[in-house]
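Student: coordinates only, sequence not included:
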């Protein structure tokens, strides 16, 4: 009789334990699913920045901007302006170049005239830092009446890269030749290495000069400005027939002509006197000799 209640209690305990175990398993299963989902969200969150970077590269905005900044570009422009006052316009361009961090590379002018009227034309070459080229160019256009304009660009990135690579190669060769020179013992070998070293050094200096020239043109843009003042309206004097000349004016012109003729004769005589003095001696001697021969018995 005692075993019956004991068995019943054991069965009840087994059922309770089984239920607790099932609940634990279920909770563990739910927790594992939550962990997997969280890991997936974390993976997506981690991948999101990569996708964003990929889209930026796909758009090409950042990449192209970086490429443009890395390019070596030469900017040049030619502008022809009509101005009212050449000196004032030239001074304005000089001040513009200085304010933009540049300078005037060269300048020349020419005064032209027709009748009693004159006007000035000339050329001013501005060297402007490339970063200020666009602003300076707009200011140049505002300095007068634009008659013509032209802009050009030249991408010399490949040229700069080639020159830098050539310099690196030449300098490496120079270092190698210096090592050979230090180790050379024979006189002929020393002389041969010296010749090679001199040739390489000359080529290095020539390449450096070319590279510096290109880099200067990249660093400073060139704006050539042709300035022209407005030519004045020239009215030629009215010409009349000679017989319509007033009598007084005709008489005075004739008097002036006679005076000019007299001055010309005086000047001509002054030029001729030394020659006459020199030639008169042999002529007089010849005449005297002829007379002496005739008078001789």
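Tutor: Thanks, I have it. Being a predicted model, the structure only gives us computed values, none of them experimental. Numbering: from 1, shown residues only.
Student: how far out from the middle of the chain is the helix or strand where residue 175 lies?
Tutor: Applying DSSP states H and E as the criterion places residue 175 in helix 157-183. Centroid separation for helix 157-183 versus its chain: 28 Å, with Cα atoms, centre = their mean, to the nearest Å.
Student: And for stretch 74-90?
Tutor: The answer for stretch 74-90 is 16 Å, by Cα atoms, centre = their mean.
Student: For it, measure first residue to last.
Tutor: 24 Å (Cα to Cα, to the nearest Å).
Student: Return the set of buried residues in that stretch.
Tutor: Residues 74-75, 77-81, 83, 86, 89-90 are the ones in stretch 74-90 that count as buried (16 or more other Cβ atoms under 10 Å). Using the backbone N, CA and C atoms, a C-beta is placed for each residue, glycine as well.
Student: residues near residue 149, how many?
Tutor: 14 (other Cβ atoms under 10 Å).
Student: oh, I was asking about residue 137
Tutor: For residue 137, using other Cβ under 10 Å, the count is 19.
Student: What ranges in this protein fall below the confidence cut-off?
Tutor: 1-69, 115, 233-244, 296-297 (pLDDT under 70).
Student: can you give me the helices for it?
Tutor: With DSSP state H as the criterion, the chain has helices at 3-59, 61-70, 86-99, 133-141, 157-183, 187-219, 247-295.
Student: Could you report the distance from residue 138 to residue 209?
Tutor: In this view, residue 138 and residue 209 are 34 Å apart by Cβ to Cβ, to the nearest Å.
Student: can you check residue 164 too?
Tutor: With Cβ to Cβ as the criterion, residue 164 and residue 209 are 14 Å apart.
Student: Could you do residue 230 as well?
Tutor: Noted for residue 230: a distance of 44 Å to residue 209, by Cβ to Cβ.
Student: picking up where we left off before, any chance of the buried residues of stretch 74-90 in TSV, with distance to residue 176 too?
Tutor: Converted to TSV, those look like this (distance: Cβ to Cβ, whole Å):
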residue	distance to residue 176
74	34
75	40
77	45
78	47
79	51
80	54
81	56
83	60
86	59
89	57
90	54
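Student: can you tell me which of those residues are in strands?
Tutor: Among these, the members falling in strands (DSSP state E) are 74-75, 77-81, 83.
Student: which one of those residues is nearest residue 112?
Tutor: Nearest to residue 112 out of those is residue 83 (Cβ to Cβ; 14.3 Å).
Student: Check whether that closest one really touches residue 146, as I assumed.
Tutor: No: shown here, residue 83 and residue 146 do not form a contact pair, counting by Cβ atoms under 8 Å, at 10.7 Å.
Student: mind checking how far stretch 246-262 is from the chain centre?
Tutor: Worked out by Cα atoms, centre = their mean, stretch 246-262 lies 63 Å from the chain centre.
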